[in-house]
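Trainee: what's the 3D shape of this:
(chains A and B)
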There are 2 protein chains.
Amino acid sequence: MEKKKRIYFFDEGSAEMKQLLGGKGANLAEMKRIGLPVPPGFTITTEVCREYYAVGGRLPDGLEEEIIEAMHRLEKEAGAKFGDPENPLLVSVRSGAPISMPGMMDTILNLGLNDETVKGLAKLTNNERFAYDSYRRFIMMFSDVVRGVDRQLFEEALEEIKKKYGAKTDADVPAEGMKELAERSKEIYKEQLGEDFPQDVWKQLIMAVDAVFRSWNNERAILYRKINNIPDDMGTAVNIVKMVFGNMGDDSATGVAFTRNPSTGEKELYGEYLINAQGEDVVAGIRTPKPVKELKNDIPQAYDELVRVAEILEKHYRDMQDMEFTIEKGKLYMLQTRTGKRTAAAAVKIAVDMVKEGLITKEEAIMRVTPEQIETLLHKRIDPAAKKILIAKGLPASPGAATGAVVFDTQEAVKLAEEGKKVILVRPETTPDDLHGMVASQGILTSRGGMTSHAAVVARGMGKPAVVGCEEIDIDMEKEQFTAPNGKVYKKGDIITIDGSTGEVFEGEVPLIDPQMSGEFKELLDWADEIRVLGVYANADNPEDAAKAREFGAEGIGLARTEHMFLGPERVQIVQRMIMADTPEERREALKDLGKLQKADFKGILEAMDGLPVTIRLLDPPLHEFLPAPEELAEEIRKLEDEGAPAEVIEEKKKLYHKAVELAEHNPMMGFRGCRLGLIYPEIYEMQVEALMEAAAELKKEGKNPIVKIMHPLVGHVNEMKRLREMTDRVAFQVLDREGIDLKYKVGTMIEVPRAALTAYQIAEYAEFFSFGTNDLTQMTFAFSRDDAEGKFLAKYVEEGILPKNPFIVLDRDGVGRLIKIAVTDGRKTRADLDVGICGEHGGNPESIEFCHIVGLDYVSASPYRVPVARLAAAQAAIKHPKK
Amino acid sequence: MEKKKRIYFFDEGSAEMKQLLGGKGANLAEMKRIGLPVPPGFTITTEVCREYYAVGGRLPDGLEEEIIEAMHRLEKEAGAKFGDPENPLLVSVRSGAPISMPGMMDTILNLGLNDETVKGLAKLTNNERFAYDSYRRFIMMFSDVVRGVDRQLFEEALEEIKKKYGAKTDADVPAEGMKELAERSKEIYKEQLGEDFPQDVWKQLIMAVDAVFRSWNNERAILYRKINNIPDDMGTAVNIVKMVFGNMGDDSATGVAFTRNPSTGEKELYGEYLINAQGEDVVAGIRTPKPVKELKNDIPQAYDELVRVAEILEKHYRDMQDMEFTIEKGKLYMLQTRTGKRTAAAAVKIAVDMVKEGLITKEEAIMRVTPEQIETLLHKRIDPAAKKILIAKGLPASPGAATGAVVFDTQEAVKLAEEGKKVILVRPETTPDDLHGMVASQGILTSRGGMTSHAAVVARGMGKPAVVGCEEIDIDMEKEQFTAPNGKVYKKGDIITIDGSTGEVFEGEVPLIDPQMSGEFKELLDWADEIRVLGVYANADNPEDAAKAREFGAEGIGLARTEHMFLGPERVQIVQRMIMADTPEERREALKDLGKLQKADFKGILEAMDGLPVTIRLLDPPLHEFLPAPEELAEEIRKLEDEGAPAEVIEEKKKLYHKAVELAEHNPMMGFRGCRLGLIYPEIYEMQVEALMEAAAELKKEGKNPIVKIMHPLVGHVNEMKRLREMTDRVAFQVLDREGIDLKYKVGTMIEVPRAALTAYQIAEYAEFFSFGTNDLTQMTFAFSRDDAEGKFLAKYVEEGILPKNPFIVLDRDGVGRLIKIAVTDGRKTRADLDVGICGEHGGNPESIEFCHIVGLDYVSASPYRVPVARLAAAQAAIKHPKK
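Mentor: Numbers count the residues shown, from 1 in each chain, chains lettered A, B, ... in the order given. Okay, the predicted model is just below:
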């Protein structure tokens, strides 16, 4: 067998080799290939990472020799020798997976320094302070990353040195202090590990490579992959690159830049840099950096070069780039380029702009925006008319507004969120360890860091509102409180509101309002509409929601639940009268009153959707849902008896109690509900059909165009559908005949019982349309009662990988999906023009929408706010799976 | 279009034409064909009945003319003229469906009599009494059947006449009295209907034919068809036959006879007759008839003829025949022959005997016995050792013993049965109107009627114990009580026990014991075993049931539930300790104690089934089933507090209460149960597997041959099965390794969640066998919670025909069955030697067993008492659906 090539120099790779070289390595190679300034270096492949784990978590045999050989070639390219006290070659050792996992894995800079080479570096650069600063940083990073020594110990040592030399900032520490700090750092290493800091640079290198591979499976990397659906066996590459120094004086700098504004999408060079600093200083958010445009003043020729490189890169990659650069004594080096993460708004604007610039196609534009980003754009924002008490202002790091209780501890944020509380995570800065807490929070507020700090990047990725670098507030982590500029103290549990679009922080709960859609947003969704095959309907139970859905582009109502029309204090009384009726006449009387109200409801929703189909589902929940719980009534009766209430009052309550007991069920999910009610008490559905057809007839008379679809819930047997169809047609005909109106309508059914899917070929004889109720269908197919499962075992099932995903969020293709396929195929065999859609919550979930497209549904129906998401997801599905 | 032949004379038909001519008509034709003495007559086809209903419930056009034409031909054959006062032709008009529905539809005798012809008949027969008796009977029957006049009015008139003439029995009424009674009967007709009794014999005939067709859809006929699964559109034929008279004096008689004893199966002519009577007198059970053997003394030549005919008929039909005959002045006429209904014991004996006699094949024998009959044979009987207080003795009309509260009213019997009470229906005699009450009762006791009375025939058909003709008891329907011969009074609600095999009636509840199986029974089942393809296992949870099952022929245990092993006062305490455990250690401790007990359980059952497979299902029900209900605990706590119980006692109860609340579920059927428990609390299943393998290892050491199948419940996803398989193999290996035993075992799963069936191709990778849990699978597939559905809508669904059958009794082939087919096919694709069975209740239901055979399951598993039923049903399925 031919030996696999394990190491690629930058001039041996290209952007296409991402899987093998990782994103960073491949892009460094690509930049080299197209002639951009990149320091010399090489990449150890992701295959080696897999090998590393395959052999039990150690460097595979022979790798060490290959690294040494590569280093010798690098020495030649760099014109310096590794470990040479005269002219030492220093390198960075960085992770780089095929998919970017920012900050999740480890990096070591300045490797190759020891007690000897540091002197050489000092002499060579004529900058002793720089050399020892680099050395002490290296020792700290190595100790932390490779050996797991607490970084805090080194930070404390730095503070002591600063105190000793009266330095206000790190930069004020003199060379002598740095020298001392380096010594102290070595001592810490020895104290913690019982051995000397390794002086052998080759040993340093091998240990560092090992540590980077090891970091692929650290806890936060695993969590990140899980959240982002990144396969665990992908592996990371390791990049070994000659160090260039941004901290060699005021003509040196380091920074990150985006080819377009990642927050708004504006076409402008955007980013931050620090003069006389190393890269980690920018990302870590410890010093607040300057906007990249100011570089023009600080180091003009390097700025111009950066602008030139940015233009080349964007054209080359046909997408917005996120670049890392270092300027060493006026010369620009590109250390990384990758597709830049961006806010949802920026994603949309950039995609649409690039189509207009002729850079990409409409299809590409659609694929560049994720459905989740679309959802973000529908986030609420602060009501401009609201009265607000401003606490402070920071950087607008991730758009959207959020309200919640202040919490300082990540674990506590998680705990409170699990209890259903809304929290805002407030921290000086965030680290990858805070990921859990960020997921659990409504929004994030930090007092330090810039627009590219950890908190900012991660929050944008999650679509969560974030305000960062809010230096005006003073956080006391111990007391769990922060102080506003005006001296007011906000404690744990106090409610605040943040606006991630403006950077403002407000006291208390501020009213939020619905989002508006930008022109680009509308344009992109219009393109999506051109491309998608699936129809997009909305689930809405009232005229307001229907209007909202229509505004968001819904082409109809896929599910209007009528049980909500049975609620409200006035109505529930009538409903109870109906339930308690002793005779069909009494029941009919109560239903008559209800019918009048329902008619008005139906008219409203049909009017809002004038000209578009409205699917009305008849009463679904079990009747006991309209009565108080038996225990509640028993308690009330006890109380009334204690109070000596009149006998007839108690009698009435007792009647109610007995009814509630009679109607109680062991498994209400599978009990006396849905069309079972409609078949045993036909007068209920008759009333609903009558009210609906009367509403439609009236609208028709008013010149409107109501399009009615009547949907029966929980059908499981063709005979149910047959009877319901007959009843529906009979009542509808009576109304239309009486009103003298000609109106087409459709009668169909939910497919939410497995048996309905399995016998779809029978049911389609009487049903003109199917709508998959995937919530219930998932419950029955899995035998999961959602109410019980989530808390008791489902979360654990997902956590432990027994279930790949929560099937109530992402449609289960193998099980539930198979039933759907059977029903669609069989149903259409019986009735070629059968109209088939989905109205479960999955109708708004992109992965599930993709499946709906694949199996050939006619439409998906989602909640109004998810309609734009569904439009985009449907278009993406159509692009990914073109129909022949 | 050629006109369809509507009328067939007896010499135009044959036994094969049952569908068209009905059973009675076809068999009369057949008897005619083979030269047996049958009166002349013809049959109007069942097609005409369908036509009758198709045109809206009236005689179709042209039929009347065709009947008249046929009557003229009949006049020639009979040598008499219809309506001729000199020589009148009289006919019977009888219903006769393709499938016998005894007593359900209407019959009219002596038609053709009027004020003139009756005189002719008197003159012709020289018997005025006979002529007027015939006339008054005809008027009564016509009034009742054709016009719906209450028969009771005529019976009262008869009583008055008897009183007037001092007659003790009907036979004592002189000719004068009969003449008067005929006049009085015509008056009743006029009083009730406001018109004269029709004197036009043609009008009589047409009205009678109409009435018979109409009776196809009377209430009791509809109910009978429903109970017996007879299609409603089959229709009845109408037979018009020249009357022959069994009431023309002491050389005349009428009776019914069986070619073999329908109760025991003995090969002997068996039956009853009445001298000087008409057919209805025998069937109605009003006069108690004589055993047929006595006919030899009464009318010897007719008896010899009957014996000859019986032999011919049995050989010709190759089955036991039930014949109706009339002897008119010494001459035998056969009025009907049909396959005789028989008790289960008789069915088995006759089938086995006939194979030995060379009349039929083993396959035919197997098809001649219904699985329901087999079940009947497994009915309990009275413990011979029990102390009994005999109340009275009647005829042993339907075997088996039953205990229940005395009830006299049919409606009340139904009501009490619905409340779960066991009742014995006690009546002077039963009529088709009592069908409901008979279904609802444990057994039937009548004071009148013979072995072929309504009560006897119907009870045998239902497999219900019955004692009839118990004339020793005196029933007072008004007071709702009966008096025993010794004067003791038994009131409504008193408990009695009846023995339908001996005719005895006992006071109170008498202990019953299990049935024994006859030699023929065993022989038949042995033949079934030779023929069937399906294996037959049993569901048994303890050694006793397992032994019983083995005795009944079970080839293994298909389902041993382990939750029953968690019950009992001692065990439930340990289980509660396990549930309440605060730490895994505490839980393990409790489980250890439980493990010891389970091991002994497992050992017992494995020993009982030594050498046969035993399928052990691990714990299935939700844990809250082992705790008291929260309301119960709340009540206890309230009480303890009121009593001032010690704080720690209350605290303990409160802990239990909180746990019970925590574990409570909205839909426990779909909640935290089955393998979900085993995956979240692995120590429970680990304990069970360990205990099981230890039990098996011990038996192996003792030289036994335990065959273990470990079954995981409620699997829905392959990953569940994968983990469970790993766990099972790990624990089993540990035990076997420790014990130094080599033992093969299988690990498999229930298929009871729809998703498991849909993803069987995945699950079969890890499961070595499947067992369909069709109870739960039916619940999930239909979304029917059995507990809720039965009372709330399922009964009504079946009653109204929305569901053809209760799917919890008869497996739903279209829905649940389709899932089973998918799982079998897909599962075997993945694992060719996958072992597949069924262990839901359907495993003991013949129709469902047939389906299991068709889809190619390896075995069915039924409750021990249904094992013989399953053996027979499986053989029948194999005969009906031979495998290629």
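Trainee: chain center to the strand or helix carrying A:R723: distance?
Mentor: According to DSSP states H and E, A:R723 maps onto helix A:718-739. Centroid separation between helix A:718-739 and its chain, computed with C-alpha atoms, centre = their mean, to the nearest Å, is 46 Å.
Trainee: quick one: mean pLDDT for the helix or strand that comes right after that helix?
Mentor: Under the assignment DSSP H and E, the closest C-terminal helix or strand after helix A:718-739 is strand A:745-751. What strand A:745-751 shows for mean pLDDT is 98.
Trainee: and for stretch A:390-399?
Mentor: Stretch A:390-399 shows a mean pLDDT of 86.
Trainee: put the alpha carbons of it into CSV.
Mentor: Output of stretch A:390-399 as CSV, limited to C-alpha atoms (Å, rounded to 0.1, in the frame of the first residue of the first chain):
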residue,chain,number,x,y,z
LEU,A,390,-31.4,53.6,29.7
ILE,A,391,-28.8,52.0,31.9
ALA,A,392,-25.8,52.0,29.6
LYS,A,393,-24.6,51.6,26.1
GLY,A,394,-22.2,49.1,24.6
LEU,A,395,-21.5,47.7,21.1
PRO,A,396,-24.4,46.4,19.0
ALA,A,397,-23.0,42.9,18.6
SER,A,398,-26.0,40.8,17.5
PRO,A,399,-29.3,42.3,16.5
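Trainee: show me which residues of that stretch are buried.
Mentor: Of all the residues in stretch A:390-399, those buried under the rule 16 or more other C-beta atoms under 10 Å in any protein chain shown are A:I391, A:A392, A:K393, A:G394, A:L395, A:P396, A:A397, A:S398, A:P399. (Each C-beta comes from the backbone N, C-alpha and C, glycine too.)
Trainee: and if you look at stretch A:411-427?
Mentor: By 16+ other C-beta under 10 Å, the buried positions in stretch A:411-427 come out as A:E412, A:A413, A:V414, A:L416, A:A417, A:K422, A:V423, A:I424, A:L425, A:V426, A:R427.
Trainee: ok, so of the buried residues of stretch A:390-399, who is nearest B:E183?
Mentor: A:P399 (105.5 Å; C-beta to C-beta).
Trainee: so what's that closest one up against?
Mentor: With contacts defined as C-beta atoms under 8 Å, 6 or more residues apart in numbering or on different chains, A:P399 is in contact with A:S263, A:T343, A:A344, A:A345, A:T376, A:H379, A:P465, A:G500, A:S501.
Trainee: from A:G265, how far out is it?
Mentor: Computed as C-beta to C-beta, to the nearest Å, the A:P399 to A:G265 distance reads 12 Å.
Trainee: the nearest residue to A:E631 once chain neighbours are set aside - how many residues pack around it?
Mentor: Closest residue in space to A:E631, ignoring its immediate chain neighbours: B:E631 at 7.2 Å, by C-beta to C-beta, 6 or more residues apart in numbering or on different chains. Counted by other C-beta atoms under 10 Å in any protein chain shown, the residues lying close to B:E631 total 13.
Trainee: okay, the angle between the strand or helix carrying B:E631 and helix A:630-643?
Mentor: Assigned by DSSP H and E, B:E631 belongs to helix B:630-642. If you take axes from the mean of the first three to the mean of the last three C-alpha atoms, to 10 degrees, helix B:630-642 sits at 30 degrees to helix A:630-643.
Trainee: which helices and strands sit right next to the helix or strand that helix B:630-642 is followed by?
Mentor: Counting by DSSP H and E, the next helix or strand C-terminal to helix B:630-642 is helix B:647-663. If you count contacts as 3 or more C-beta pairs under 8 Å, 6 or more residues apart in numbering or on different chains; DSSP states H and E, helix B:647-663 packs onto helix B:569-580, helix B:630-642.
Trainee: ok, the residue of the stretch 501-650 of chain A found nearest chain B to A:H624 distance?
Mentor: Relative to chain B, the nearest point of the stretch 501-650 of chain A is A:E631 (7.2 Å; C-beta to the nearest C-beta). For A:E631, the distance to A:H624 (C-beta to C-beta) stands at 13 Å.
Trainee: can you list the residues of the stretch 701-850 of chain A near chain B?
Mentor: The stretch 701-850 of chain A comes close to chain B at residues A:714, A:716-717, A:719-720, A:723, A:752-755, A:758-759, A:762, A:776, A:779-785, A:787-789, A:792-793, A:796-797, A:801-803, A:812, A:814-816, A:818-819, as judged by C-beta under 8 Å from any C-beta of the partner chain.
Trainee: related to what we said a few turns ago, who touches both of A:P399 and A:G265?
Mentor: The contact sets of A:P399 and A:G265 overlap at A:T343, A:A345 (C-beta under 8 Å, 6+ apart).
Trainee: identify the farthest-apart pair in the contacts of A:P399.
Mentor: Distance extremes for these: the farthest pair is A:S263 and A:H379 at 14.1 Å, using C-beta to C-beta.
Trainee: contacts for the host helix or strand of A:R818?
Mentor: Taking DSSP H and E as the criterion, A:R818 maps to helix A:816-830. If you take C-beta under 8 Å, 6+ apart as the criterion, helix A:816-830 is touched by A:751, A:754, A:756-758, A:760-765, A:767, A:770, A:772, A:774, A:777-778, A:781-782, A:807, A:811, A:834, A:836, A:838, A:851, A:855-857, B:754-755, B:758-759.
Trainee: average pLDDT for the helix or strand that contains A:A456?
Mentor: Using DSSP H and E, A:A456 falls within helix A:454-462. On average, the pLDDT along helix A:454-462 is 74.
Trainee: kindly report the same for stretch A:813-824.
Mentor: Stretch A:813-824 shows a mean pLDDT of 98.
Trainee: for that stretch, buried residues please.
Mentor: If you call a residue buried by 16+ other C-beta under 10 Å, then stretch A:813-824 has these buried ones: A:R813, A:G815, A:V816, A:G817, A:R818, A:L819, A:I820, A:K821, A:I822, A:A823, A:V824.
Trainee: quick one: distance of that stretch to the chain centre.
Mentor: 27 Å.
Trainee: likewise for stretch A:807-815?
Mentor: Its chain's average C-alpha position is 19 Å from that of stretch A:807-815, according to C-alpha atoms, centre = their mean.
Trainee: try stretch A:529-542
Mentor: On the basis of C-alpha atoms, centre = their mean, stretch A:529-542 sits 22 Å off its chain's mean C-alpha point.
Trainee: how long is that stretch end to end?
Mentor: One end of stretch A:529-542 to the other measures 25 Å (C-alpha to C-alpha, to the nearest Å).
Trainee: name the residues of that stretch that are buried.
Mentor: Here stretch A:529-542 shows A:I531, A:R532, A:V533, A:L534, A:G535, A:V536, A:Y537, A:A538, A:N539, A:A540, A:D541, A:N542 as buried, counting by 16+ other C-beta under 10 Å.
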